[in-house]
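Engineer: Here's a sequence, model it:
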Amino acid sequence: MATLLLAAVPAPANAAILSFFGFGFSQNTYYKEALYWVSAAGDVLGLAGVIAPPAAGLGAVLKTGAMIARVVDPPATAIISGRATIELSPGETFVQAGWYGEFGLDSFLTAPMVGSPTISETLLQEGCNPAMVSCDAAYDATTRRIVLEFDWGSPGFTPTLNLDSAGHFNFAAVYTLSDSANVPFGMIGTHSDVRAMGTDAPTYMLCNSGYCGSIAVPGPGAWTLLATGLFALVMATRHPQRPSLGAAPA
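Structural biologist: Numbers count the residues shown, from 1 in each chain. This is a model prediction of the structure:
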């Protein structure tokens, strides 16, 4: 896949172009110039300076292009597991996806602060924190979707570093190349998806107290309690209590 950006118009340096809050995640998108490796065949191999980048390989060269960074952060709460699915626009070229700060392999590496007007691509980590039960940052070239998944197990993860005044923190990002900053923010998934599919939803977050969105999703225990209460209510309605044979009429 040949890159589209070798002759791109220079991007405004470190210009934040979008802030979005929803689905239990908040997202900041940045448009800036960045250096990236391109193979002799024209394939984008990764950003220069990113921790553990793909091997440049024989004949690879550095190019300058307009990079879009979609940065994701969760609500301020203890986290067990989650998923963020991001779909690229047709004009974008995927470069890298990974983790920031305490979610990364080096948990003490600084993460970009939420709402910062600038961002450094060198802070992205492809490896995740080994304390996680599982993690993945995968790109499907057919669907053009990046899926970031993580599971901290029980009792979960509570952030202690890189927090803003509200307790939010950036934990993951997707970097792409584009000849325009005017692309959709890309995150897919809604509260309705989570209510219908639970952890199978394309974008969700599970916290110690349940789904971390503005509309809570009851856990298994809550559903059982609710079903028991509804059953008792139905039975009481269908079979009203009768007085005993020895009772005096009212």
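
Engineer: Check for me that Ala69 belongs to a strand.
Structural biologist: Yes - counting by DSSP: H, G, I helix; E, B strand; the rest coil, Ala69 is part of a strand.

Engineer: tally of neighbours for it?
Structural biologist: Ala69 has 23 neighbouring residues, counting by other C-beta atoms under 10 Å. From N, CA and C alone the C-beta is placed, and that goes for glycine too.

Engineer: burial of Ser192, as a residue count?
Structural biologist: 10.

Engineer: I'd assumed it was in a helix, is it?
Structural biologist: Yes - counting by three-state DSSP, Ser192 is part of a helix.

Engineer: Wait, Tyr175 touches Ser120, no?
Structural biologist: No - at 11.4 Å, Tyr175 does not count as touching Ser120 under the criterion of C-beta atoms under 8 Å.

Engineer: between those two, who's got more neighbours?
Structural biologist: Tyr175 (26 against 14).

Engineer: And Asp200, how far from Ser154?
Structural biologist: 20 Å (C-beta to C-beta, to the nearest Å).

Engineer: What's the local residue count around the nearest residue to Trp37 once chain neighbours are set aside?
Structural biologist: In this structure, Trp37 finds its nearest non-sequential neighbour in Leu45, 4.0 Å apart by C-beta to C-beta, 6 or more residues apart in numbering. The number of residues packed near Leu45 is 18, by other C-beta under 10 Å.

Engineer: Asp193 too?
Structural biologist: So Asp193, with other C-beta under 10 Å, has 17 neighbours.

Engineer: For the nearest residue to it once chain neighbours are set aside, grab the count of nearby residues.
Structural biologist: Leaving aside its sequence neighbours, Asp193 sits nearest to Ala201 (C-beta to C-beta, 6+ apart; 4.2 Å). Around Ala201 there are 22 other residues, counting by other C-beta under 10 Å.

Engineer: Quick check, Ala201 in contact with Val194.
Structural biologist: Yes - using C-beta under 8 Å, Ala201 is in contact with Val194, at 4.4 Å.

Engineer: shared neighbours of the two, anything?
Structural biologist: Overlap of the contact sets of Ala201 and Val194 (by C-beta atoms under 8 Å, 6 or more residues apart in numbering) is empty.

Engineer: if I've got this straight, Gly49 is in a strand?
Structural biologist: No - applying three-state DSSP, one finds Gly49 to be coil, outside a strand.

Engineer: tell me the contacts of Leu105?
Structural biologist: Per C-beta under 8 Å, 6+ apart, neighbours of Leu105: 51-52, 99, 125-130.

Engineer: and which of these is nearest to Phe169?
Structural biologist: Closest approach to Phe169 among the contacts of Leu105 (C-beta to C-beta): Trp99, at 11.7 Å.

Engineer: Just give me the neighbour total for the closest one.
Structural biologist: Using other C-beta under 10 Å, Trp99 is surrounded by 29 other residues.
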